[in-house]
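# just need the structure, nothing else, for what follows:
(2 chains)
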Protein chains: 2
Amino acid sequence: MSKSLSFRIEATDGKARCGVITTPRGEIRTPAFMPVGTAGTVKAMLPENVRATGADIILGNTYHLMLRPGAERIARLGGLHRFMNWDGPILTDSGGFQVMSLAELRKLSEEGVRFRSHVDGTIHMLTPERSMEIQRLLGSDIVMCFDECPALPADEAEVARAMHLSMRWAARSKAAFGERPGHALFGIQQGGLSHELRAESAEKLREIGFDGYAIGGLAVGEGQAAMFATLDFAPDMLPADRPRYLMGVGKPDDIVGAVRRGVDMFDCVLPTRSGRTGQAFTRRGVVNLKNARHRDDPRPLDEECACPACRGYSRAYLHHVFRAGEMISGMLLSWHNLQYYQDLMAGLREAISRGRLAEFEAAFHAARAEGDIEPL
Amino acid sequence: MSKSLSFRIEATDGKARCGVITTPRGEIRTPAFMPVGTAGTVKAMLPENVRATGADIILGNTYHLMLRPGAERIARLGGLHRFMNWDGPILTDSGGFQVMSLAELRKLSEEGVRFRSHVDGTIHMLTPERSMEIQRLLGSDIVMCFDECPALPADEAEVARAMHLSMRWAARSKAAFGERPGHALFGIQQGGLSHELRAESAEKLREIGFDGYAIGGLAVGEGQAAMFATLDFAPDMLPADRPRYLMGVGKPDDIVGAVRRGVDMFDCVLPTRSGRTGQAFTRRGVVNLKNARHRDDPRPLDEECACPACRGYSRAYLHHVFRAGEMISGMLLSWHNLQYYQDLMAGLREAISRGRLAEFEAAFHAARAEGDIEPL
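Down below sits the predicted model:
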């Protein structure tokens, strides 16, 4: 690992690990949840408020930022940290996932992906080399390899082809990344649900050598049971002394299950996206604020939560502003959901430190099984 | 004036006054600008951030709140202050203006206005008595009389008819308001641009007796010159020892001109509405952030402003998030614009206190005449 990024495991409980990633821009407590700041903003949040929820690191999307406002422009403006006013660590994805899910007229080749921008119709080419260049221009602290992530279900030949291409691209990514003190490069394991393909992918990545290792190609349609079955073996194939990052995951119970299986880092748009559609995550499960049952309810969304939405407002208010289409609805619920996720991670870290992860997990599932508080 | 609301004039400069309105919920420094919290939220702002800009009081809209979520519901939930998490003073309008501009199938009679809700099509009746009841249910600190405000231009007979009706409604409002320690009732002068009608209206209002006096029926299409011509005499007709409130005004230069003519209170949706459409108020005039000239500009919107938008971000960022449709655009620009308005009011108060309003006004206009900073 480059001297500028270190990972210290402070406690384990079974396969679960609790630790700290140290970067020049600050420490990242693991297991960590990274809020997604797609286009230079964690939607509906000011960065100081993202920090206040307990987030140590956020994620930026190469695909969105390269198209608007453009990586060269952000570089001229002093990099992504200054641009979006976030001075902590930033991880950027490679653009590989979004280019396959969002771009139009995409054409995949050994070289990379040629595509049409969903923003303005212009033609672009994304390759491992260009992805490394863009992430360098953005000033990303943790850079991800350019890979191809097939949606599941897919036949094994297709998953194998994509994994092999991704491994060739991983080698090109490493070569293009070069030596960048203070910045880390993570490889991405592919191979779908196959033990054999995952093992082969992990072996290739270890040969190339990375600062951290992501598990890609999950949470893409396979369902939680299949994902957990894969996570029963996939993390173990990756170096134990490096951070393991499960990309694009997930729901709270996905995260709890993945932490138990040895994953250290997560990202997902769910807390912010749900916040904008009136859905709140609570210890007792998902609460839909648009439901009329909240119309006259003077109680807070979650009595145990210290976020502004729960400290300052009733469910009736949250219901009202969602129904009225007011921006404060998305602002408050995004904040609450991010707070919920960070509280969950803090709970997981503490449980692992105390060797009480099983009890934590049981209590987590029991509270959710209770369901929301009774209507008044 | 009721014991619970007092107005102390601390300095004058010509007709301009600087003072403090004291209410049980806190002091209001005048000249005061009241951000508009139409439907239980100052759009795109958290209330603690509205407070941080320097706002002492906000405005709520009776028309919107009676339709959704409903005045009786807000009362059951503990009143508007608790509902929207704002513990400072709240002034509510009477619903009279919005019912004529927003409602469908409205029918005006001596009794009041019958109309169809623009939210859900239900039929409602708004009268002076019902308006007082709604404002009581909301828990408003400063209650406005129910009036009819005709759009201008209108012929004098129509303006006179509306004024006379409004004066009969003012008497009914006063009777219905009754005695409510801790709460104030403001009368509203009508009469369009006519000196004679304004004088007659003021005389009627003084006979009835109110805690404060609003100037209604301006900023409704007559233009700034006609408004100022009316403000050259209208405020003088109202009791000098009571606050004078110019409803729905306005642009920064409208406010400066009205303060010079003896007005103490203002409200307007402009700072928040403009903030959501990419327009920013600065000392050097209006800046349109959607303009491509800002795309690569690393400079802050306004170097002299202490708001988060100006402290933390470049014009290039503000341009980007507006173009990308990100919520943070409306959040940052609403905050900036509200900060600009509150800084303007603070500047006016200080200038009046020092007897330097003319110099302030000259500098205000000179900076605007300069225009925005040169493109890079």
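
# test my guess that residue A:143 contacts residue A:177.
Yes: the pair residue A:143 / residue A:177 is scored as a contact, 6.3 Å apart, by Cβ atoms under 8 Å. Every residue, glycine included, has its C-beta placed from N, CA and C.

# which residues do the two both contact?
A:132, A:185 (Cβ atoms under 8 Å, 6 or more residues apart in numbering or on different chains).

# neighbour count winner among those two?
The neighbour comparison of residue A:143 against residue A:177 (other Cβ atoms under 10 Å in any protein chain shown) goes to residue A:143, with 28 against 22.

# on the pLDDT front, check that one for me.
According to the prediction, residue A:143 has pLDDT 98.

# residue A:3 now?
58.

# the one 5 residues further on now?
Predicted confidence (pLDDT) for residue A:8: 98.

# what about the longest helix in chain A?
helix A:327-353 (DSSP state H).

# can you list the weak-confidence ranges in chain A?
A:1-4 (pLDDT under 70).

# can you list the residues of it near chain B?
Residues of chain A that fall close to chain B, judged by Cβ under 8 Å from any Cβ of the partner chain: A:39-41, A:43-48, A:68-69, A:73, A:76-78, A:83-85, A:295-296, A:298, A:308, A:312-314, A:316-317, A:319-321, A:323-324, A:326-328, A:330-332.

# give the closest residue to the most centrally placed residue in chain A in space, chain neighbours not counted.
Among the residues of chain A, the one closest to the centroid is residue A:267, at 1.1 Å (Cα atoms, centre = their mean). Leaving aside its sequence neighbours, residue A:267 sits nearest to residue A:34 (Cβ to Cβ, 6 or more residues apart in numbering or on different chains; 4.2 Å).

# what's the local residue count around that neighbour?
When neighbours are defined as other Cβ under 10 Å, residue A:34 has 24 of them.

# what pairs with the helix or strand harbouring it, parallel or antiparallel?
Assigned by DSSP states H and E, residue A:34 belongs to strand A:32-35. Paired neighbours of strand A:32-35 in the sheet (DSSP bridges): strand A:265-268 (parallel).

# mind listing the helices for the stretch 251-376 of chain A?
A:252-260, A:270-276, A:308-312, A:315-323, A:327-353, A:357-370 (DSSP state H, counting those that start in this stretch).

# buried residues, the last one. List them.
Buried residues in helix A:357-370, defined by neighbour count with 16 or more other Cβ atoms under 10 Å in any protein chain shown: A:357, A:360-361, A:364, A:368.

# ok so, going back, quick one: buried ones out of the residues of chain A next to chain B?
A:39-41, A:43-47, A:69, A:73, A:77, A:83-85, A:296, A:308, A:312-314, A:316-317, A:319-321, A:323-324, A:326-328, A:330-332.

# quick check: the residue nearest to the centre of chain A vs chain B, distance?
Separation of residue A:267 from chain B (Cβ to the nearest Cβ, to the nearest Å): 18 Å.

# tell me the contacts of that residue?
Residue A:267 neighbours (Cβ under 8 Å, 6+ apart): A:33-36, A:59, A:91, A:245, A:247-249.

# swap the cut-off to 6 Å and go again
A:34, A:36, A:59 (Cβ atoms under 6 Å, 6 or more residues apart in numbering or on different chains).

# from what I can see residue A:113 touches residue A:125, true?
No: at 7.3 Å, residue A:113 and residue A:125 do not qualify as touching, with contact defined as Cβ atoms under 6 Å.

# looking at these two, which is more packed in?
residue A:113 (21 against 12).

# what's across from that one in the sheet?
The residues that residue A:113 bridges to, once DSSP bridges is applied, are residue A:108, residue A:126.

# so what's it up against?
A:99, A:106, A:126.

# apply 7 Å and report the result again.
Counting by Cβ atoms under 7 Å, 6 or more residues apart in numbering or on different chains, residue A:113 makes contact with A:99, A:106-107, A:126.

# what's the answer for residue A:38, then?
Residue A:38 touches A:61, A:64, counting by Cβ under 7 Å, 6+ apart.

# could you redo the last one with a cut-off of 10 Å?
A:59-61, A:63-65, A:93, A:98, A:269, A:272, B:324, B:326 (Cβ atoms under 10 Å, 6 or more residues apart in numbering or on different chains).

# which of those residues sit farthest apart?
The largest separation in the contacts of residue A:38, counting by Cβ to Cβ, is between A:93 and B:326 at 18.3 Å.

# flag every buried residue along stretch A:138-154.
A:138-150, A:152, A:154.

# got it, and stretch A:271-284?
A:271-276, A:278-284.

# report the buried residues of stretch A:205-225.
Result for stretch A:205-225 [16+ other Cβ under 10 Å]: buried residues A:205-206, A:208, A:210-220, A:222, A:224.

# cool, stretch A:294-313 as well?
A:294, A:296-297, A:300-302, A:305, A:307-310, A:312-313.

# how about the residues you listed in JSON lines, adding distance to residue B:14?
As requested, the buried residues of stretch A:294-313 are arranged in JSON lines below (distance: Cβ to Cβ, whole Å):
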{"residue": "A:294", "distance to residue B:14": "53"}
{"residue": "A:296", "distance to residue B:14": "52"}
{"residue": "A:297", "distance to residue B:14": "53"}
{"residue": "A:300", "distance to residue B:14": "51"}
{"residue": "A:301", "distance to residue B:14": "52"}
{"residue": "A:302", "distance to residue B:14": "55"}
{"residue": "A:305", "distance to residue B:14": "53"}
{"residue": "A:307", "distance to residue B:14": "49"}
{"residue": "A:308", "distance to residue B:14": "44"}
{"residue": "A:309", "distance to residue B:14": "47"}
{"residue": "A:310", "distance to residue B:14": "50"}
{"residue": "A:312", "distance to residue B:14": "42"}
{"residue": "A:313", "distance to residue B:14": "45"}
